[in-house]
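> build me a model:
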Amino acid sequence: MRRAVCPGSFDPITNGHLDIIARASRLYDVVHVAVMVNKSKQGLFTVEERMELIREATRDHGNVQVESHHGLLVDFCKERDIPAIVKGLRAVSDFDYELQMAQMNMGLSGVETLFVPTNPTYSFLSSSLVKEVAAWGGDVSHLLPPAVHEALVRRLAGR
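Numbers count the residues shown, from 1 in each chain. Prediction:
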């Protein structure tokens, strides 16, 4: 069985993330979406909320499993016998950082990293940018799945 992981903080998941996950799900038998936990960062959504939003957004992909992980991504891969990490690249600046991570992960555990160029429609998109624009009242509905957009609007209204 061919397995891969798409890691990220997904705070919140965007259509750009979903594009990479959907493309990976066509290439692999099982795609694990790993919501990585960074205790030093305060997210807008809890890890559990992010996982539920991702499950909702990926429900049409029968081979996607959503989990969380605190620690090294290579440990997540080792625990689940996952030989490949799939990462989307938006720009050359992403490549510089991600190449270093890929080489470190290969050196630590032998896990391969596959880079998927982002759909040009989403080349500018990031969770941080979506949150900032939405916080100032900008319309980001076209950048997020409907359930994620609704959750984002509710969360920002409650602040």
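> looking at it, residue 25 is touching residue 60, isn't it?
No: counting by CB atoms under 8 Å, residue 25 stays clear of residue 60, with 9.5 Å between them. Heads up, the C-betas are built off the backbone N, CA and C, glycines and all.
> and the two? Which one has more around it.
Under the criterion of other CB atoms under 10 Å, the comparison of residue 25 against residue 60 puts residue 25 first, with 21 against 8.
> now the helix or strand hosting the more buried one: buried residues?
Using DSSP states H and E, residue 25 maps to helix 15-27. Across helix 15-27, burial judged by 16 or more other CB atoms under 10 Å covers 15-25.
> mind checking the SS state of residue 66?
strand (DSSP: H, G, I helix; E, B strand; the rest coil).
> and if you look at the one 5 residues further on?
State at residue 71, reduced to three classes by three-state DSSP: coil.
> now the angle from the helix holding residue 25 to strand 64-69?
Per axes from the mean of the first three to the mean of the last three CA atoms, to 10 degrees, the angle that helix 15-27 makes with strand 64-69 is 120 degrees.
> okay, helix 15-27 in PDB with CA atoms only?
Extracted in PDB, the C-alpha atoms of helix 15-27 (Å, rounded to 0.1, in the frame of the first residue of the first chain):
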ATOM      1  CA  ASN A  15      -8.300  25.700  -0.800                       C
ATOM      2  CA  GLY A  16      -4.500  25.700  -1.600                       C
ATOM      3  CA  HIS A  17      -3.900  23.000   1.100                       C
ATOM      4  CA  LEU A  18      -6.900  21.100  -0.200                       C
ATOM      5  CA  ASP A  19      -5.600  21.200  -3.800                       C
ATOM      6  CA  ILE A  20      -2.300  19.500  -2.600                       C
ATOM      7  CA  ILE A  21      -4.200  17.000  -0.500                       C
ATOM      8  CA  ALA A  22      -6.600  16.100  -3.400                       C
ATOM      9  CA  ARG A  23      -3.700  15.700  -5.800                       C
ATOM     10  CA  ALA A  24      -1.800  13.500  -3.300                       C
ATOM     11  CA  SER A  25      -4.900  11.400  -2.800                       C
ATOM     12  CA  ARG A  26      -4.900  10.500  -6.500                       C
ATOM     13  CA  LEU A  27      -1.300   9.300  -6.300                       C
END
